[in-house]
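Chemist: Structure, please.
(one chain, ligands or ions: 2)
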Amino acid sequence: MLVSELAGVGKESVAKFGALGVVTAEDLLEYFPHRYEDLRFPTPASQLGAGADEENALGRIVWVKERRARHLAIVEAELEDASGTFIATWFGRSYLIGSLKKGMRLFVRGRVERRLAVSKLNVSYHKILAEDEEYRGEIQPVYPAGKELTTRKIRQVIQKNFSKLLALAADPLPKAISKRFEFADAREAYRAMHAPATIEEATRGRERFIFIEFLALALAAQIKRVSRAGQHAQALPIPADFLARFATQMPFALTGAQRKVIEEIWRDMAREAPMNRLLQGDVGSGKTLVAAAAMVLAAQNGVQSALMAPTEILAAQHAAKLAPLLLPFGMSVEAVFGSQGAKARAAAVGKLASGEASVAIGTHALLSEGVDFAGLGLVVIDEQHRFGVEQRARLRAKGVSPHTLHMTATPIPRTLAQSIYADLDISTIDELPPGRTPIETFALRAGRLGLAYDFVRKNVTAGYQAYIVAPAIDESEALTSVIAECERLRKSVFPDLRVGLLHGRMTPREKDAAMHQFTAGQIDVLIATTVVEVGVDVSNATVMLVLDAHRYGLAQLHQLRGRVGRGTAKSFCLLIAPDDAAQAERLRILTESTDGFVIAEEDLRLRGPGQFAGTQQAGMIDFKVADLVRDIEIYRRAKAIAERIVDEDPALSRAEHAGLRVLIDGAPSARAMLLSS
Ligand code: ADP
Ligand code: MG
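Modeler: Ligands and ions are numbered 1, 2, ... in the order given. Alright, predicted model coming up:
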């Protein structure tokens, strides 16, 4: 049924509902209030003004008048109840003056301002009561309104058509589950959402819908796990004492965390089911060595590995770091880049196809036709969230169900990782190699930018290099743009230094050139947008200066900070932000902690999962009512149930699971999960 078939929905409202994603009557039934206003209990006039929220009051009009303040018409009325009087005010609604009369009984709701003797209530909602009408307040749902569609209109349409809408309610849950969690049936749950008699009832109803959203995601994850477990990969057994043999060939002693994750990865690779594991570890935690360990086990078993990175710079860095680690095992690395000459490409491709080379490292170029492997058994994907689903799948398709290791330097808080990566196993490096000098971080007011620049100069004079991060070009007039700032630096701040520029509007070739110059030490100060964020490794850079730091999430700032402190020299991070207490408080966590997981948890707490770096992909957290952080307990319950259901009925083919199949098809997060790799 379309919304146009509902009472009170004309042609124009159809378009307005459409803008909110409400096309069918079912969509409207699922369009839930995001909060409720409790109109049940009026406060006596003498006690108004105690709360910070809106308050309700009931009174009889003593007088009513209209006055003007500048261009605004204000209607004011004095209302009286048994305990005293207060003033109700309506702004910009002079048409009301005709309908409000002395002696009328009125219900009003609004924020109260208490002024000496008299309270003033700024009316957001009012209702005229008949002389003998007994006041019966209700709980009013408040809907996320559209540009032209008010919450009031949405409420009216739902109420007018309520029984028609309720008749459409379908229950995806098997009876046994509803019973077990004591969920109301579908009709009752929808009623509780749209027309609750009590707040508790609304909360209970909401829990059911949260559970259902999570169940869809958890089912999809479990279906993927089970189907993968049924695929056949080549098992890569671990020879005796292999970790010890591997470790002796490394240039330094492995950290405990590296040992732990290598063992987790190897154990997966030794199985016949393909590995699908996420390796997360902060910048500098030593993921490269772990990737090398996986590749060495692959080569030991006679299969090849491929590592794909999002940019040429990163791929080149990986090749440069991995080649020496793999050399002692007689393994050779071939690079495959877009900008590579035809001859070099042909040589690399030849060695991969013949099996002469054991490892391929490259960018998307690896996906090109003609890049083939003699036997691809391991795929490593760096910064996995920067690749699309089909790109990852295409690389894997070059082997036969190869083992897959995803790597990310963006620590995801455990709570979030469990759900958005529900179909992946997760390994975490939670320890940095020893001997690092922590990066010293300072938050500075904008007025002290001069000092920060002096500090940059001091470090450059001492032979080091610096990054300065500025917002993208023409993003906002109010902010310093990267190009304007570069001009300024070259002209007046550092006229004697070599200042380079890097931003997203440059061509890949220009970007690479700028990065190469910086890496080679031909640039002293690189002013850049956040494109320097991921993986870039210049050990001579010791200062990271971030302008307008208030614009970035904590996790992102931590990522930026990770660009320095990669060599032996002490490094610094300077965060410039406007002078306000909230910013100072927020940035304090960065000045106090260098633990990416601690910072990520805090970022998540402050900004919610929607904003979290790396999670924006493919609708993974596209929920209507659920919140992965707030509702994590409900997620755990849903996950346990999903595992049991899929283990018993992998294709959800039983009659009582028909509703679940429909549920998964209609849930964006579940669909994204099924598609992901
Ligand atoms: P990531 O890729 O996780 O950001 P890298 O693999 O690039 O980190 O390692 C960061 C630096 O630490 C590299 O210079 C590497 O050689 C060094 N490193 C890695 N593991 C160890 C270790 N166990 N002991 C000492 N240094 C290490
Ligand atoms: Mg790395």
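Chemist: Show me what the lowest-mean-pLDDT helix or strand in the chain is packed up against.
Modeler: Taking mean pLDDT, DSSP states H and E as the measure, the chain has helix 414-420 as its least confident helix or strand, at a mean of 74. With contacts defined as 3 or more C-beta pairs under 8 Å, 6 or more residues apart in numbering; DSSP states H and E, the packing partners of helix 414-420 are helix 199-229, helix 596-607, helix 632-648. Using the backbone N, CA and C atoms, a C-beta is placed for each residue, glycine as well.
Chemist: Centre of the chain to stretch 445-459, how far?
Modeler: Mean C-alpha position of stretch 445-459 versus that of the full chain (C-alpha atoms, centre = their mean, to the nearest Å) differs by 33 Å.
Chemist: ok so, going back, return the member of the helices and strands packed on helix 414-420 having the minimum mean pLDDT.
Modeler: The stretch with the lowest mean pLDDT among the helices and strands packed on helix 414-420 is helix 596-607, which comes in at a mean of 83.
Chemist: Pull out the buried positions in that helix.
Modeler: For helix 596-607, the buried set under the neighbour-count rule, 16 or more other C-beta atoms under 10 Å, comprises 596, 597, 598, 599, 600, 601, 602, 603, 604.
Chemist: for the residues you listed, which one is nearest ligand 1?
Modeler: Taking C-beta to the nearest ligand atom as the measure, residue 596 is the one of the buried residues of helix 596-607 closest to ligand 1, at 10.5 Å.
Chemist: Settle this for me: that closest one is touching residue 283, isn't it.
Modeler: Yes - between residue 596 and residue 283 there is a contact at 7.3 Å, judged by C-beta atoms under 8 Å.
Chemist: still on that earlier bit, quick one: buried residues of the least confident helix or strand of the chain?
Modeler: Under the neighbour-count criterion of 16+ other C-beta under 10 Å, helix 414-420 has 416, 417, 418, 419, 420 buried.
Chemist: Remind me what whichever helix or strand comes after it packs against, helices and strands.
Modeler: In the C-terminal direction, the helix or strand that comes right after helix 414-420 (DSSP states H and E) is strand 425-429. Other helices and strands packing on strand 425-429, by 3+ C-beta pairs under 8 Å, 6+ apart, are helix 256-269, strand 276-281.
Chemist: how about 10 Å then?
Modeler: helix 256-269, strand 276-281, helix 287-300, strand 403-408, helix 414-420 (3 or more C-beta pairs under 10 Å, 6 or more residues apart in numbering; DSSP states H and E).
Chemist: Parallel or antiparallel, which strands does that strand pair with?
Modeler: Applying DSSP bridges to the sheet, strand 425-429 is found paired with strand 276-281 (parallel).
Chemist: Would the strand it pairs with count as contacting ligand 1?
Modeler: Yes - under the criterion of C-beta under 6 Å from any ligand atom, ligand 1 is reached by strand 276-281 at residue 281.
Chemist: For that strand, the averaged confidence score.
Modeler: In this model, strand 276-281 has an average pLDDT of 92.
Chemist: again with stretch 62-70
Modeler: Looking at stretch 62-70 alone, the average pLDDT works out to 90.
Chemist: Just the CA trace of that stretch, in PDB.
Modeler: Presented in PDB, the C-alpha positions along stretch 62-70 are these (Å, rounded to 0.1, in the frame of the first residue of the first chain):
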ATOM      1  CA  VAL A  62      -6.800  36.000  33.300                       C
ATOM      2  CA  TRP A  63      -6.000  38.400  30.500                       C
ATOM      3  CA  VAL A  64      -4.500  38.100  27.000                       C
ATOM      4  CA  LYS A  65      -2.800  40.800  24.900                       C
ATOM      5  CA  GLU A  66      -0.600  41.300  21.900                       C
ATOM      6  CA  ARG A  67       2.600  43.400  21.800                       C
ATOM      7  CA  ARG A  68       5.500  43.900  19.400                       C
ATOM      8  CA  ALA A  69       9.200  43.600  20.100                       C
ATOM      9  CA  ARG A  70      11.100  44.900  17.100                       C
END
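Chemist: if we look at it, which residues are touching it?
Modeler: 73-80, 85, 87-91, 93-94, 96-97, 99-104, 106 (C-beta atoms under 10 Å, 6 or more residues apart in numbering).
Chemist: Can you turn the buried part of those into a ChimeraX selection?
Modeler: Selecting only the buried entries of those in ChimeraX, with 16+ other C-beta under 10 Å as the criterion:
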select :73,75,76,77,78,79,85,87,88,89,90,97,100,104,106
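Chemist: does the nearest residue to residue 515 once chain neighbours are set aside belong to a helix or a strand, and which?
Modeler: By the measure of C-beta to C-beta, 6 or more residues apart in numbering, the closest residue to residue 515 outside its immediate chain neighbours is residue 313, 5.1 Å from it. Secondary structure assigned from DSSP H and E places residue 313 in helix 312-326.
Chemist: May I have that helix as PDB, with CA atoms only?
Modeler: Provided in PDB are the C-alpha atoms of helix 312-326 (Å, rounded to 0.1, in the frame of the first residue of the first chain):
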ATOM      1  CA  GLU A 312      51.400   3.800  -5.000                       C
ATOM      2  CA  ILE A 313      53.300   5.400  -2.200                       C
ATOM      3  CA  LEU A 314      52.000   2.900   0.300                       C
ATOM      4  CA  ALA A 315      52.500   0.000  -2.000                       C
ATOM      5  CA  ALA A 316      56.100   1.100  -2.600                       C
ATOM      6  CA  GLN A 317      56.700   1.400   1.100                       C
ATOM      7  CA  HIS A 318      55.400  -2.100   1.700                       C
ATOM      8  CA  ALA A 319      57.600  -3.500  -1.000                       C
ATOM      9  CA  ALA A 320      60.700  -1.700   0.400                       C
ATOM     10  CA  LYS A 321      60.000  -3.000   3.900                       C
ATOM     11  CA  LEU A 322      58.900  -6.500   3.000                       C
ATOM     12  CA  ALA A 323      61.600  -7.400   0.500                       C
ATOM     13  CA  PRO A 324      64.400  -7.500   3.100                       C
ATOM     14  CA  LEU A 325      62.300  -9.400   5.600                       C
ATOM     15  CA  LEU A 326      61.500 -12.100   3.000                       C
END
